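Peer 1: generate a structure from the sequence data that follows.
(2 chains)
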Number of protein chains: 2
Amino acid sequence: MKKSIGAKTLVYPAPVLIVGTYDAEKRPNVMVVAWGGICCSQPPCVAVSLRKATYSHGSIVKRRAFTVSIASEDQVKEVDYFGMASGRTENKFEKTGLTPVASELVDAPYVAECPLVLECRVLHTVEIGLHTEFIGEILDIKADEAVLREDGLPDMEKVKPIAYEPVNGRYFRVGSYLAETHSIGREMETNETFFIA
Amino acid sequence: MKKSIGAKTLVYPAPVLIVGTYDAEKRPNVMVVAWGGICCSQPPCVAVSLRKATYSHGSIVKRRAFTVSIASEDQVKEVDYFGMASGRTENKFEKTGLTPVASELVDAPYVAECPLVLECRVLHTVEIGLHTEFIGEILDIKADEAVLREDGLPDMEKVKPIAYEPVNGRYFRVGSYLAETHSIGREMETNETFFIA
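Peer 2: Residues are numbered from 1 along each chain as shown, chains lettered A, B, ... in the order given. Okay, here's the model as predicted:
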């Protein structure tokens, strides 16, 4: 029996997206966004939603660009700090000792120490309510060689990204392997033999 | 040293969102969407991106409603099948033995056996490219009592949702607990004592 728990912002798991921007004075800044994800395959796009009150919001509106750095689980302390402080008053790179790198493709910085980085230019801006959704075209992805498989693609088991639990506000590891897509589902396709039989 | 791997649709981890719809004949259907996530806190909204070619796309456009069922890791076989078959030619509920339940709030069905369900009405439709992004206001969430904590909120460790690895096409469990938000990041705030010292 299901119980109504009201209208909450719950999707499990949510990602931990470190959004990198330059402010009006070209100072690098980062914030953490859990409201977002891939939203189109062609062109490849990622969506990130920010409150208008955030310092990063104005930077994206002005520069029409942002990066998304994917942190590893051993960077959870820095991630948590990025989500607490404001770039209006603090230099989050100095505080954490992490390194801003200027993207060569878009007018935004990324976090050198994060294993995976998306460089994005704003394609659409959707005013939803408290949050503005910025849809960014992914122009390139930069990955640490250490997280690449032999075929040159990143391996989530090597990236060790953080999964976020909304509402309860907790960070988790990504766990063990379950299955390939388009594999075990095939067993269902043969179920019709039972219905025929 | 980072390596350019090209413009790919990579965010780790991606969610596994089972999108429920009624077609023109009111037949219940489901598909699996990894391109999506929460996109606004007020009103609470979730975004799901679908290719126009999918059968579900037309159903959402017509009925302006959908549900999102969050599966548990022990339902990965059904999830994989939902992502392989098309509701145009197959009754995915019959094939899997899972049960469609009509939402009382929106014109769409959800999966009874999934531990967490979001009921959504379409607020915005964003044509991005290959994918259309439907932004749905979450009107209510229904949860199995077994996944609720004592405070009445769902516990991700009890839901045991599936995490998706895009590009490589693999399903993973959500793993072990790392930290609370706004907790270990506080240590960074005191770092200024080192800079002063």
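Peer 1: could you tell me the angle between the longest strand along chain A and strand B:131-144?
Peer 2: Using DSSP state E, we find that the single longest strand of chain A is strand A:131-144. Calculated by axes from the mean of the first three to the mean of the last three CA atoms, to 10 degrees, strand A:131-144 forms an angle of 100 degrees with strand B:131-144.
Peer 1: CA-only coordinates of strand A:131-144 in PDB, if you can.
Peer 2: Taking Å, rounded to 0.1, in the frame of the first residue of the first chain, the C-alpha atoms of strand A:131-144 are listed here in PDB:
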ATOM      1  CA  HIS A 131      15.000  27.900 -10.300                       C
ATOM      2  CA  THR A 132      16.200  28.800 -13.800                       C
ATOM      3  CA  GLU A 133      17.200  25.900 -16.000                       C
ATOM      4  CA  PHE A 134      20.200  26.500 -18.200                       C
ATOM      5  CA  ILE A 135      20.500  24.000 -21.100                       C
ATOM      6  CA  GLY A 136      24.100  23.800 -22.200                       C
ATOM      7  CA  GLU A 137      25.400  22.200 -25.300                       C
ATOM      8  CA  ILE A 138      28.300  20.000 -24.400                       C
ATOM      9  CA  LEU A 139      31.100  21.000 -26.800                       C
ATOM     10  CA  ASP A 140      33.700  18.700 -25.300                       C
ATOM     11  CA  ILE A 141      34.500  16.400 -22.400                       C
ATOM     12  CA  LYS A 142      37.900  16.300 -20.800                       C
ATOM     13  CA  ALA A 143      38.800  13.200 -18.700                       C
ATOM     14  CA  ASP A 144      41.800  12.200 -16.600                       C
END
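Peer 1: what strands line up against that strand, and which way round?
Peer 2: Each strand paired with strand A:131-144, and its direction, by DSSP bridges: strand A:45-51 (antiparallel), strand A:116-127 (antiparallel), strand B:2-6 (antiparallel).
Peer 1: can you redo those strands as a markdown table with mean pLDDT?
Peer 2: Below are the strands paired with strand A:131-144 laid out as a markdown table (pLDDT from 0 to 100):
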| stretch | mean pLDDT |
| --- | --- |
| strand A:45-51 | 98 |
| strand A:116-127 | 98 |
| strand B:2-6 | 97 |
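Peer 1: what's the most buried one of these?
Peer 2: Neighbour counts (mean count of other CB atoms under 10 Å in any protein chain shown) averaged over each of those peak at strand A:45-51, with a mean of 26. Placement of C-beta: from N, CA and C, glycine included.
Peer 1: and the strands paired with strand A:131-144 as TSV, adding distance to A:Ala85?
Peer 2: Formatted as TSV, these follow (distance: least, CB to CB, whole Å):
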stretch	distance to A:Ala85
strand A:45-51	15
strand A:116-127	21
strand B:2-6	25
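Peer 1: of all these, which one is nearest B:Gly87?
Peer 2: For B:Gly87, the closest of these is strand A:45-51, at 25.4 Å, according to CB to CB.
Peer 1: I'd like the next helix or strand past that closest one.
Peer 2: Next along the chain after strand A:45-51, taking DSSP states H and E as the criterion, comes helix A:55-63.
Peer 1: and that following helix, what does it pack onto?
Peer 2: Helix A:55-63 sits against strand A:17-22, strand A:28-33, strand A:45-51, strand A:65-70, with contacts defined as 3 or more CB pairs under 8 Å, 6 or more residues apart in numbering or on different chains; DSSP states H and E.
Peer 1: quick one, which of the strands paired with strand A:131-144 is nearest to B:Gly185?
Peer 2: Nearest to B:Gly185, of all the strands paired with strand A:131-144, is strand A:45-51, at 18.4 Å by CB to CB.
Peer 1: run the chain-centre distance for that closest one.
Peer 2: Relative to its chain's centre, strand A:45-51 lies at 9 Å (CA atoms, centre = their mean, to the nearest Å).
Peer 1: closest to B:Ser69 out of the strands paired with strand A:131-144?
Peer 2: Closest among those, once you apply CB to CB, is strand A:45-51, at 21.2 Å.
Peer 1: hmm, back to that, distance to B:Gly152 added to the helices and strands packed on helix A:55-63, as CSV?
Peer 2: Listed next are the helices and strands packed on helix A:55-63 as CSV, based on distance: least, CB to CB, whole Å:
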stretch, distance to B:Gly152
strand A:17-22, 28
strand A:28-33, 27
strand A:45-51, 26
strand A:65-70, 32
